[in-house]
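Visitor: Need coordinates for the below:
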Amino acid sequence: MKHWFALSAIGPDRPGIVADLAELIYECDCNLEDSSMTILGSEFAVLLLLTGEGPEVERRLSAACKRIEWEKRLTVFFRPLEGEPVPYKIAQHAVSYELSASGVDKAGIVAKVARCLAEHRINISQMSTSSRPEPGTGTPIYSMRIRMDVPGDVDQATLRRKLDGVAAALHVDLTFQEALS
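Guide: Below you'll find the model as predicted:
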């Protein structure tokens with residue numbers, strides 16, 4: 001019987017982390033089904049979805065995760081799933097949109113934009129953020145990109161007004177448009 005697992009790991013970025021994790025999965029007779037990886041500051045972060053078969057697979061994975069934490073100085077979280085995950089799909093009648101925001105870095109940008117979207121039942125499917133010094137002045141400029149699914153019954157004019165209000169309160173530039181694909 002196929003068992004599904006979620007695994008996340010984070011640690012100081014260095015060459016070989018992906019190889020270490022892929023070998024761990026292979027040595028436990030598991031298969032890497034899906035993954036997402038990124039570098040956050042100087043930290044490498046990974047989310048993995050994997051499968052394995054047999055009654056001992058969870059024990060093998062647990063032991064291997066503890067070993068790699070010790071040997072490779074990664075922080076690893078691992079848990080079995082209750083069954084096969086349902087692939088992500090856009091809700092019926094929802095439309096994919098993209099939102100971009102940028103401005104002087106300050107606390108609350110993500111919190112206020114995300115809350116506005118949540119109040120309209122909008123599901124965020126992807127998000128990336130960064131803070132970089134502005135050339136010349138060194139002022140930290142915060143950038144955020146969100147891909148989301150907007151339910152078909154959400155009033156677009158009301159949503160845009162709310163987002164414009166959030167942008168004005170935060171003093172950030174914000175664009176909101178239908179995703180190209």
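Visitor: What sits closest to Asp20 if chain neighbours are left out?
Guide: Using CB to CB, 6 or more residues apart in numbering and skipping residues adjacent in sequence, the residue nearest Asp20 is Lys72, 5.4 Å away. Every C-beta, even on glycine, is put in place using the N, C-alpha and C of the backbone.
Visitor: where's the residue of the chain most remote from its centre relative to Lys106, distance?
Guide: Distance from the centre of the chain peaks at Gly136, with 31.5 Å (CA atoms, centre = their mean). To Lys106, Gly136 is 20 Å away according to CB to CB, to the nearest Å.
Visitor: Ok, Ile68 next?
Guide: Counting by CB to CB - Ile68 and Lys106 are separated by 38 Å.
Visitor: Give me the more crowded residue out of those two.
Guide: More crowded of Ile68 and Lys106, by other CB atoms under 10 Å: Ile68, with 19 against 11.
Visitor: Surely that one touches Leu74?
Guide: Yes - assessed by CB atoms under 8 Å, Ile68 is found in contact with Leu74 at 5.9 Å.
Visitor: domains for the chain, by residue range?
Guide: Split into domains by automatic domain parsing, the chain comes to 2-80, 95-178.
Visitor: Just put those domains in JSON lines and tack on mean pLDDT.
Guide: Converted to JSON lines, the domains of the chain look like this (pLDDT from 0 to 100):
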{"stretch": "domain 2-80", "mean pLDDT": "96"}
{"stretch": "domain 95-178", "mean pLDDT": "95"}
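Visitor: In contact with Gln177, which residues?
Guide: Tyr97, Glu98 (CB atoms under 8 Å, 6 or more residues apart in numbering).
Visitor: which stretch of helix or strand covers it?
Guide: strand 173-178 (DSSP states H and E).
Visitor: Relative to Val110, how far out is Ile124?
Guide: 10 Å.
Visitor: my read is the residue farthest from the centre of the chain is in a strand, agree?
Guide: No - with DSSP: H, G, I helix; E, B strand; the rest coil as the criterion, Gly136 is located in coil rather than a strand.
Visitor: where along this protein do the strands fall?
Guide: Applying DSSP state E to the chain gives strands spanning 2-12, 30-40, 43-53, 75-80, 95-104, 123-133, 140-150, 173-178.
Visitor: list the buried ones in the fifth one?
Guide: Counting neighbours by 16 or more other CB atoms under 10 Å, one finds that the buried residues in strand 95-104 are Tyr97, Leu99, Ala101, Ser102, Gly103.
Visitor: Also the first one?
Guide: Along strand 2-12, these residues count as buried under the neighbour rule (16+ other CB under 10 Å): His3, Trp4, Phe5, Leu7, Ala9, Ile10, Gly11.
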